[in-house]
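Engineer: Let me see the structure of the following:
(one chain, ligands or ions: 1)
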Amino acid sequence: MIPSPLAERLAQLAALGATGHGIDRRLFSAEDAQARTLFVQWARGSKFTVEQDRAGNVFARRAGKRDGAAILSGSHLDTVPNGGAYDGAYGAVAALCALEELDAAGVVTEHPVEAVAWAGEEGSRFPLGCLGSGAFAGLNELASIDALRDDDGVTFADARAAANGLLAGVPVRDGFPRPAGYVELHIEQGPVLEHRGVRLGVVTAIAGQVRVEVEIHGEAGHAGTVPMELRRDALSAAAELALELEAAARTIGECVLTVGHLSVFPNQTNVVPGRVLLRIDARSVDEARLSALRAAIEACAARTAAKRGVRIETTPIEERRVVAMDPQLRGAVAAAIAELGERAIDLPSGAGHDAMCVAAVAPAAMIFVPSAGGLSHVGNEYTTPEDLQLGVTALTRSIAAIDRLLAKD
Ligand SMILES: [Zn+2]
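Structural biologist: Residues are numbered from 1 along each chain as shown. Got it, this is the predicted structure:
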């Protein structure tokens, strides 16, 4: 086997947008354009055909026996502010390495195989997650994406037409052709694989999500003069609500619930808090549990309001359905990993990924490798070089297995 350029490429990408605390590489920034340019150079260096679409996604195509719908693999090149070197970048580079490994092994696939670098998965510049893969899957029309504005008021349409937008010299593919199948390799971003001592995971489903904003109206007052029994303290009510919600999630089981955002008004040491704004994020891979979580949020809010004499308003701000990975593709991936003599476990993904968009138009699967300490979206995200390389090998075998599976249809 040829030595893999994986580590070298990841190191080159990690330098783009390095802040000292992590990596800041937002869609259509200079650093993001450099990252996409590198992806194109690597792909062309290996004689793959490169195209981009109008959403900013970049595709490297390795021909198959047949023309037409391709098997796709990839991930995103953008990061969250002060993000890590592997979230996204690993899956995009690994897909390119997998195409090269197919070449090195002399594998001829039935379908064309494409490595893809999705644009703007993190939503850290324009207020839409999975921007590129969502456009590709037809979940968001390009016209509506074009109208999105970043914090500086720049529209997506202007950003993609600017110097750091779509790449000069790369042909633009019109429309968004349906792929035959999709497989994405990603770091787990959680602690399960490491905890279980397993190096590979096959994703069962991507969790659905409920986000609710809660506003608690109490009564502000002087911290020195309002007696305890006469208070309607909005922060004490928020604290009680957060603990009730935590207990409810534990009772429902196989779900996670987080109160991760809290604004206290007026937020003064000598004032009883009169108003609190908090946001709840609840996730599960089971729709019934998501419904139970929605009901629990309403019930806990009503109970806390009555007990504390405050008024509580709840507003759903985001809903995402559970996205199951394709059972046949999962089977092909699991079999390919077993052939390597490696053990893999099935696990759900609590985080969202491009795969959940692509799953709307093609059968999709995902492979996870461990994240040291379960850390992600931080500068010290880490996966061992051995695990990174094992992931590429598993991905290469999985692409070949998926090709054989889909060629039968
Ligand atoms: Zn990611």
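
Engineer: can you pull out the strands in the stretch 301-409 of the chain?
Structural biologist: For the stretch 301-409 of the chain, the strands defined by DSSP state E, counting those that start in this stretch occupy 311-320, 323-324, 344-349, 364-369.

Engineer: near the ion, which residues of this structure?
Structural biologist: 87-88 (Cβ under 5 Å from the ion). Any C-beta I mention is one placed from the backbone N, CA and C, and that applies to glycine too.

Engineer: roughly how far apart are the spatially most central residue of the chain and E244?
Structural biologist: With distances taken as Cα atoms, centre = their mean, the residue of the chain nearest its centroid is H353 (3.2 Å). To E244, H353 is 31 Å away according to Cβ to Cβ, to the nearest Å.

Engineer: next one: A14
Structural biologist: According to Cβ to Cβ, A14 and E244 sit 42 Å apart.

Engineer: Also A372?
Structural biologist: 34 Å.

Engineer: do E229 as well
Structural biologist: Distance from E229 to E244, by Cβ to Cβ: 22 Å.

Engineer: And the two? Which one has more around it.
Structural biologist: Comparing E229 with E244 by other Cβ atoms under 10 Å, the one with more neighbours is E244, at 18 against 5.

Engineer: So the more buried one sits against A305, correct?
Structural biologist: No - between E244 and A305 there is no contact, the gap being 11.5 Å when judged by Cβ atoms under 8 Å.

Engineer: Now for E339, how many residues are close by?
Structural biologist: 11.

Engineer: was I right about it contacting R397?
Structural biologist: Yes - counting by Cβ under 8 Å, R397 is a contact partner of E339 at 6.5 Å.

Engineer: now the residue lying farthest from the centre of the chain: how far from the ion?
Structural biologist: Within the chain, the residue lying farthest from the chain centre (Cα atoms, centre = their mean) is T225, at 49.2 Å. According to Cβ to the ion, to the nearest Å, T225 and the ion sit 51 Å apart.

Engineer: quick one: that residue from E219, how far?
Structural biologist: In terms of Cβ to Cβ, T225 sits 13 Å off from E219.

Engineer: same deal with T393?
Structural biologist: 62 Å.

Engineer: the more surrounded of these two?
Structural biologist: Neighbours of T393 and E219, each counted by other Cβ under 10 Å, are more numerous for T393; the result is 20 against 16.

Engineer: ok, how many other residues are close to D146?
Structural biologist: By other Cβ under 10 Å, the residues close to D146 number 17.

Engineer: can I assume it is in contact with F156?
Structural biologist: Yes - contact criterion Cβ under 8 Å: D146 and F156 qualify, at 5.3 Å.

Engineer: sec struct for the closest residue to R125 other than its chain neighbours, please.
Structural biologist: Spatial nearest neighbour of R125, excluding adjacent residues (Cβ to Cβ, 6 or more residues apart in numbering): R26 at 4.0 Å. When classified by DSSP: H, G, I helix; E, B strand; the rest coil, R26 comes out as coil.

Engineer: picking up where we left off before, and the residue nearest to the centre of the chain, its phi and psi?
Structural biologist: phi -150, psi 160 (degrees, to the nearest 10).

Engineer: cool, and L167?
Structural biologist: According to degrees, to the nearest 10, L167 has phi -80, psi 130.

Engineer: So it versus E121, what's the distance?
Structural biologist: 18 Å.

Engineer: neighbour count winner among these two?
Structural biologist: Remark: of L167 and E121, E121 carries more neighbours, 27 against 17, as counted by other Cβ under 10 Å.

Engineer: hang on, that one is in a helix, isn't it?
Structural biologist: No - applying three-state DSSP, one finds E121 to be coil, outside a helix.

Engineer: Now it: closest residue in space that isn't a chain neighbour?
Structural biologist: H76 (3.5 Å).

Engineer: The residue in the stretch 301-409 of the chain positioned nearest to the ion: what's it in contact with?
Structural biologist: Going by Cβ to the ion, the ion is nearest to H353 of the stretch 301-409 of the chain, at 5.8 Å. Neighbour list for H353: 75, 121, 130, 184, 186, 206, 366 [criterion: Cβ atoms under 8 Å, 6 or more residues apart in numbering].

Engineer: Going by neighbour count, which of these comes out on top?
Structural biologist: With neighbours defined as other Cβ under 10 Å, the most crowded of those is E184; it has 32 neighbours.

Engineer: quick one: strands adjacent to the host helix or strand of V264?
Structural biologist: Following DSSP states H and E, the helix or strand that holds V264 is strand 256-265. Strand pairing for strand 256-265, using DSSP bridges, gives strand 275-284 (antiparallel).

Engineer: and the strand it pairs with with strand 344-349, angle?
Structural biologist: 150 degrees (axes from the mean of the first three to the mean of the last three Cα atoms, to 10 degrees).

Engineer: And for the residue in the stretch 151-300 of the chain that the ion sits nearest to, nearest residue in space, chain neighbours not counted?
Structural biologist: Nearest to the ion, among the residues of the stretch 151-300 of the chain, is H186, at 5.8 Å (Cβ to the ion). Leaving out its chain neighbours, the residue that sits closest to H186 by Cβ to Cβ, 6+ apart is G91, at 5.0 Å.

Engineer: Which secondary structure state is assigned to the one you found?
Structural biologist: Counting by three-state DSSP, the backbone at G91 sits in helix.

Engineer: List the residues that contact it.
Structural biologist: 73-76, 184-186.

Engineer: 10 Å instead, please
Structural biologist: 73-77, 115-118, 121, 183-187, 353-355, 366-367, 369, 391, 395 (Cβ atoms under 10 Å, 6 or more residues apart in numbering).

Engineer: repeat for A30
Structural biologist: A30 touches 16-17, 163-164, counting by Cβ under 10 Å, 6+ apart.
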